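> Structure of the sequence below:
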Amino acid sequence: MNALRSPGPVSAFLLLPLALFAAPRALPQKARAEALGEVSVARPACAESIVDQNGPGCLEASSVPAPGLLFPPPHDGGFNNTASGSFSFVGGGYENMAVSSNSTVAGGANNRAFGYDSTVGGGVSNVVAGSSATISGGCANSASGPYATVSGGCNNRSNGQSTVGGGRLNQANGQQSTIGGGRNNSTQGIGATIGGGYGNVAGSSNSTIGGGAGNAAGGYD
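Numbers count the residues shown, from 1 in each chain. All right, here's what the predicted structure looks like:
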């Protein structure tokens with residue numbers, strides 16, 4: 001019986017590729033995970049209050065409200081703003097405050113949203129004290145009654161479910177009354193309307209002054 005012979009150099013050389021093909025090397029675990037997209041991105045060490053909820057990084061400290069504020073990320077912008085009411089929001093600007101629940105200040109400077117569900121769109125030094133009241137913009141306007149609205153202008157007052165469209169120094173004091181614009185106009189009666197002009201007074205219920213100067217409609221209720 002012939003003894004088994006070991007393969008010669010040529011045979012070993014020919015068999016080497018077959019051996020490599022038959023027993024491929026296993027990929028390292030990390031490389032395999034990367035190939036399959038299973039690698040999780042490591043989060044940096046962030047303070048709990050400044051973890052970015054929408055990504056793996058940390059938020060800048062300047063964009064994070066003070067501890068204890070209830071509005072969740074994304075956080076408010078701007079500078080020196082305060083959103084202290086539950087679900088309140090300040091979008092940007094400078095030294096704005098949204099104090100009551102569901103109140104909003106979109107921007108501007110030195111604006112205040114004190115009423116529940118109140119909104120200040122922008123402008124400077126506007127104050128909303130009534131619930132569900134709105135000031136769109138302008139300067140030094142006040143909406144103190146519930147559902148009161150001031151669209152713009154300066155130094156206008158809307159005191160009770162009333163509306164001031166713009167102008168200066170107008171006061172809508174009557175419930176559900178309207179002043180479109182002008183200057184130094186005043187509504188006292190319920191449902192009274194002044195379209196514009198200067199120094200007009202709509203004193204009785206459902207009275208109307210279209211414009212002009214120094215006009216009065218009815219007596220005071």
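> And for the closest residue to residue 106 other than its chain neighbours, the neighbour number?
Nearest residue to residue 106 in three dimensions, chain neighbours excluded: residue 91, at 4.5 Å (C-beta to C-beta, 6 or more residues apart in numbering). C-beta here means a position set from N, CA and C on the backbone, and glycine is covered the same way. Residues lying near residue 91 (other C-beta atoms under 10 Å) number 18.
> Residue 91 contacts residue 111, correct?
No. Using C-beta atoms under 8 Å, residue 91 is not in contact with residue 111, being 10.8 Å away.
> Common neighbours of those two, please.
Listed as contacting both residue 91 and residue 111 by C-beta atoms under 8 Å, 6 or more residues apart in numbering are residue 105.
> show me the contacts for the closest residue in space to residue 98 that isn't next to it in sequence.
Distance criterion C-beta to C-beta, 6+ apart; nearest residue to residue 98, sequence neighbours excluded, is residue 88 at 3.9 Å. Residues near residue 88 by C-beta under 8 Å, 6+ apart: 70-71, 98-104, 113.
> Among those residues, which one has the most neighbours?
Greatest neighbour count in those, by other C-beta under 10 Å, goes to residue 113: 32 neighbours.
> Quick check, pLDDT for that residue.
What the model reports for residue 113 is a pLDDT of 97.
> where do the helices sit along the chain?
With helices called from DSSP state H, the chain shows them at 9-22, 29-35.
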